[in-house]
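>>> sequence unavailable; structure follows:
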C-alpha cells in the first residue's frame, strides 16, 4: 500500500469521535452526542407557544443599576438596609383585619429621653433615588446619601470655646525632638565666620621640593666600607641562644650504624620471621576416608535395646 494512503487512513481514524463506554443496562433516555447544542429532552410545541405568567415577568425584570456617576464600583447595599422580596401574595382577609393590642404596643416607636435636645433639623432637600413603580420595588426602603447639606445658620454660627479646644490637634511631649532633616541647614553665623590662624596653618599643604632628587642607588663611601662595628652592635647582632641541654630534632634520614650492620638475628627472630604455611580449603575439606567404616565398628555388636527398637511394629 502506498504510504500516502496509509497516512490518510490514519488521519480518518484519528478524526472519528470517541465512542462512549456505556452498556444497555446503564443507558437511560435517548442517546445524546456530546459536543452539540441539542437539548436532551425535546421541547413540546405547547411549551413553545405558552405565555409567561405575571410572576415570571417580575422575576425577568433586571435589577436597578446603582453604579452611575461617582457611585461606580460601590456595593449595592453599601448604604441600604436591604430589600425583601414578597414571594407570596397577601390574603384579602389579612388586609381587612385589625391589629391586636399587643401589636399596637410593639408598633409604637421608642420614645426619646425627656432631656433630649435635637442638634439639627431633619433635612428635606436630601437627594433621593426614584424607584420605578413596579412590584419589585414596592417594599424597598431605598438608599439615602449619608452626605447632607450644611444648614445656613450653621455656616454663620460662632464657635464655642469647647469646640475650639477640641479642634486643636494633640500636642507632642515636651521632650519630643523632631527627626533631623536629610540636608542640614548651615546657620548664618557659620556662613559669616572666619577661620582662625591655627586652621589656616593646618589647611596649608605640606611643602615638597620639586627636585631634582637623588637616584635610588648610590655609591657607598670608603669610610663606611672600612668602618668596624662596635661592641654594642655585635652584642645586638648575636642570635638568641638555646637553653642548656637542648637537643636538636633528629633528621628524617639517618645513616645506619656499623654495629647495626654487623649484628645477627637471634633464634627467636628467625622463628618469628618464618611465614605461616596454610593448606588450601580444597585440601582441608577433602577427606577420602570419610565414608569408610572403621574395623572396630565392623567387629562390634549392638546392645539389646537397639535391637528391640529396630524391630518393626506389628499391627
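Great, that's in hand. All values reported here derive from a predicted model rather than from experimental measurement. Residues are numbered from 1 along each chain as shown.
>>> list the buried residues for stretch 219-227?
Buried residues in stretch 219-227, counted by 16 or more other C-beta atoms under 10 Å: none are found. Where C-beta positions appear, they are placed from N, C-alpha and C, glycine not excepted.
>>> what's the end-to-end length of that stretch?
For stretch 219-227, the first-to-last residue distance is 15 Å (C-alpha to C-alpha, to the nearest Å).
>>> now that stretch: mean pLDDT?
Per-residue pLDDT values over stretch 219-227 give a mean of 91.
>>> again, but for stretch 167-176
In this model, stretch 167-176 carries a mean pLDDT of 90.
>>> ditto for stretch 243-253
88.
>>> may I have the distance across it, first residue to last?
26 Å.
>>> and stretch 286-299, by the same measure?
27 Å.
>>> make 32 the first number, not 1, from now on.
With 32 as the first residue, the last one maps to stretch 317-330.
>>> buried stuff in stretch 76-87?
For stretch 76-87, using 16+ other C-beta under 10 Å, no residue counts as buried.
>>> and the contacts of it?
Applying C-beta atoms under 8 Å, 6 or more residues apart in numbering, the contact partners of stretch 76-87 are residue 91.
>>> how far off centre is that stretch?
57 Å (C-alpha atoms, centre = their mean, to the nearest Å).
>>> if I pick residue 123, what's in contact with it?
For residue 123, the contact set (C-beta under 8 Å, 6+ apart) is empty.
>>> per-residue pLDDT, it?
86.
>>> where do the helices of the stretch 232-346 of the chain begin and end?
253-256, 262-268, 289-293, 298-304, 312-316, 326-330, 335-341 (DSSP state H, counting those that start in this stretch).
>>> mind listing residues that contact the fourth one?
With contacts defined as C-beta under 8 Å, 6+ apart, helix 298-304 is touched by residue 296.
>>> re earlier: make TSV from the helices of the stretch 232-346 of the chain and add distance to residue 180 to it.
TSV is the format used below for those (distance: least, C-beta to C-beta, whole Å):
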stretch	distance to residue 180
helix 253-256	109
helix 262-268	104
helix 289-293	123
helix 298-304	121
helix 312-316	116
helix 326-330	135
helix 335-341	128
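>>> weakest of those helices by average pLDDT?
Looking across these, the weakest by mean pLDDT turns out to be helix 312-316, at a mean of 70.
>>> lowest-confidence helix or strand of the chain?
helix 312-316 (a mean of 70; mean pLDDT, DSSP states H and E).
>>> doesn't residue 222 fall inside a strand?
No - Residue 222 is assigned helix when assessed by DSSP: H, G, I helix; E, B strand; the rest coil, not a strand.
>>> could you list the low-pLDDT ranges of the chain?
32-37, 51-70, 96-119, 150-179, 312, 315 (pLDDT under 70).
>>> repeat that with 80
Across the chain, the ranges flagged by pLDDT under 80 are 32-39, 48-72, 94-121, 148-181, 240-247, 309-322, 346.
>>> quick one: the helices in the stretch 82-231 of the chain?
Assigned by DSSP H, counting those that start in this stretch, the helices in the stretch 82-231 of the chain fall at 85-91, 123-127, 132-138, 183-187, 192-198, 219-223, 228-234.
>>> still on that earlier bit, and of the helices of the stretch 232-346 of the chain, who's closest to residue 181?
Nearest to residue 181 among the helices of the stretch 232-346 of the chain is helix 262-268 (100.8 Å), distances taken as C-beta to C-beta.
>>> gap between the closest one and the chain center?
73 Å.
>>> returning to that earlier point: any idea which of the helices of the stretch 232-346 of the chain gets closest to residue 194?
When these are ranked by distance to residue 194, counting by C-beta to C-beta, first place goes to helix 262-268 at 93.4 Å.
>>> not counting that closest one itself, show me its contacts.
Here helix 262-268 makes contact (C-beta under 8 Å, 6+ apart) with residue 260.
>>> give me the distance between residue 46 and residue 345.
Taking C-beta to C-beta, to the nearest Å as the measure, residue 46 falls 89 Å from residue 345.
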